[in-house]
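Student: I'll drop the sequence and a predicted model, then ask my questions.
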Amino acid sequence: MVTALGAWWDSFRCKPHPDPAPDVQDSSDARRSRVALVALVISAALSARPSRAEPRTSQAAAGLSGRMKSSLMPLGPPVSRDRIIASFPKWYTPAACLQLKEHFHGQVNATCQRRNTGTVGLNLSKVVVVGDLYVGKTSLIHRFCKNVFDRDYKATIGVDFEIERFEIAGIPYSLQIWDTAGQEKFKCIASAYYRGAQVIITAFDLTDMQTLEHTRQWLEDALRENEPGSCFVFLVGTKKDLLARHASRRKWKPSTWPMRCRPSTGRCQPRRGRM
Ligand SMILES: Nc1nc2c(ncn2[C@@H]2O[C@H](COP(=O)(O)OP(=O)(O)OP(=O)(O)O)[C@@H](O)[C@H]2O)c(=O)[nH]1
């Protein structure tokens with residue numbers, strides 16, 4: 001191709017113009033424009049050469065598309081089809097809404113209605129379980145709600161809760177059981193959930209007397225957040241199964257506990273004096 005162009009150039013340069021106009025001289029301007037024209041022709045011819053990888057279509061088209069491809073080439077690997085989001089789904093469709101008001105069960109509707117009019121509220125009791133870390137509060141709740149026991153210790157972080165549903169004399173009833181963290185660093189978080197409790201369960205480890213001694217403080221903290229006399233209080237000893245094999249167990253009497261309780265009402269008052 002280059003040889004052919006060279007021959008064509010020689011013929012173009014050496015041959016005199018067949019019919020030159022008498023008054024037109026071969027000026028340097030004209031020479032320059034001819035050189036520019038030839039350079040254009042050569043560059044067009046070179047760029048029109050097909051690359052090895054490309055199919056032999058129209059040479060000019062192939063050259064053009066090759067140049068476009070190189071300028072648009074992405075940096076990384078191509079994005080797979082399923083990762084391309086061309087349009088977004090509608091923000092609301094009836095199918096996306098799980099429950100509408102008219103789908104509610106009649107009983108639920110009726111209960112909500114009564115609640116709205118203020119005649120009957122939801123029957124719900126809040127239970128708060130407090131006590132030292134590792135005494136078994138979470139285990140106690142899980143045994144009660146799910147009938148499971150986990151030997152692995154996973155510290156409660158802040159608070160956790162379970163809802164246990166009952167039906168008492170045909171009336172639905174829910175126990176909202178709050179499991180609080182025994183670790184000192186979470187105490188300020190947990191204590192925010194003491195308010196409004198109807199029941200306070202103070203738990204201690206039967207194999208660790210110190211945890212019993214600490215129940216006074218736990219109970220006082222929980223009672224402080226509630227109206228006096230508004231809570232039922234329970235003291236629960238855990239890990240009874242370990243008592244038999246616990247070599248260094250100390251004897252303790254019910255009077256060890258810092259509260260004076262009336263079995264008839266279940267209500268407790270802090271015991272004055274030495275523990
Ligand atoms: N053998 C025996 N182990 C128990 C019993 N109750 C709890 N444990 C174990 O004692 C450890 C602590 O129990 P948790 O229920 O996590 O204690 P916790 O009071 O909730 O602890 P915090 O969340 O840190 O306040 C776990 O490894 C339990 O498996 C029990 O009755 N018997």
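Tutor: That came in fine, so what should we check first? Residues are numbered from 1 along each chain as shown.
Student: contacts and neighbour counts: CA atoms only from here.
Tutor: Will do.
Student: Sketch out the low-pLDDT regions of this structure for me.
Tutor: Along the chain, segments meeting pLDDT under 70 span 1-77, 79-83, 85-99, 111-122, 169-170, 245-275.
Student: got the residues of the stretch 151-275 of the chain near the ligand?
Tutor: Proximity of the stretch 151-275 of the chain to the ligand is confined to 151-156, 181-183, 238-242 under the rule Cα under 6 Å from any ligand atom.
Student: at 5 Å instead, please
Tutor: Taking Cα under 5 Å from any ligand atom, the part of the stretch 151-275 of the chain that reaches the ligand is made up of 151, 152, 153, 155, 156, 181, 182, 239.
Student: Drop anything exposed from those residues.
Tutor: 156, 181, 182 (16 or more other Cα atoms under 10 Å).
Student: returning to that earlier point: how about a markdown table for the residues of the stretch 151-275 of the chain next to the ligand, with secondary structure added?
Tutor: Below are those laid out as a markdown table (DSSP: H, G, I helix; E, B strand; the rest coil):
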| residue | secondary structure |
| --- | --- |
| 151 | coil |
| 152 | coil |
| 153 | coil |
| 155 | coil |
| 156 | coil |
| 181 | coil |
| 182 | coil |
| 239 | coil |
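Student: Which one of these is nearest to residue 192?
Tutor: Relative to residue 192, the closest of those is residue 181; by Cα to Cα it sits at 11.7 Å.
Student: I'd guessed the closest one sits against residue 161; true?
Tutor: No. Using Cα atoms under 8 Å as the test, residue 181 is too far from residue 161 to be in contact (11.2 Å).
Student: OK, contacts around residue 149?
Tutor: With contact taken as Cα atoms under 8 Å, 6 or more residues apart in numbering, residue 149 is in contact with 139, 142, 143.
Student: helix, strand or coil for it?
Tutor: Assignment for residue 149 (three-state DSSP): coil.
Student: Neighbours of residue 189, how many?
Tutor: 15 (other Cα atoms under 10 Å).
Student: Help me confirm that it comes into contact with residue 158.
Tutor: Yes. In this structure, residue 189 is within contact of residue 158 by Cα under 8 Å, at 5.5 Å.
Student: near the ligand too, which of the contacts of residue 149?
Tutor: Filtered for proximity to the ligand (Cα under 5 Å from any ligand atom), the contacts of residue 149 shrink to residue 139.
Student: Just list whatever residues bridge to residue 171.
Tutor: When bridges are taken as DSSP bridges, the partners of residue 171 come out as residue 168.
Student: Check the one 4 residues further on too.
Tutor: Per DSSP bridges, residues listed as beta-bridge partners of residue 175: residue 125, residue 164.
Student: Distance of it relative to residue 128?
Tutor: When distances are taken as Cα to Cα, to the nearest Å, residue 175 and residue 128 turn out to be 10 Å apart.
Student: neighbour-wise, which of those two wins?
Tutor: More neighbours sit around residue 128 than around the other of residue 175 and residue 128, counting by other Cα under 10 Å; the figures are 26 against 16.
Student: For the more buried one, which three-state class applies?
Tutor: Assigned state for residue 128: strand (three-state reduction, three-state DSSP).
Student: so what's it up against?
Tutor: 177, 178, 179, 180, 193, 194, 197, 199, 200, 201.
Student: can you count the residues close to the fifth one?
Tutor: It stands for residue 193. Burial of residue 193, expressed as a neighbour count using other Cα under 10 Å, amounts to 18.
Student: Wasn't it part of a helix?
Tutor: No. Secondary structure assignment places residue 193 outside any helix; it is coil (three-state DSSP).
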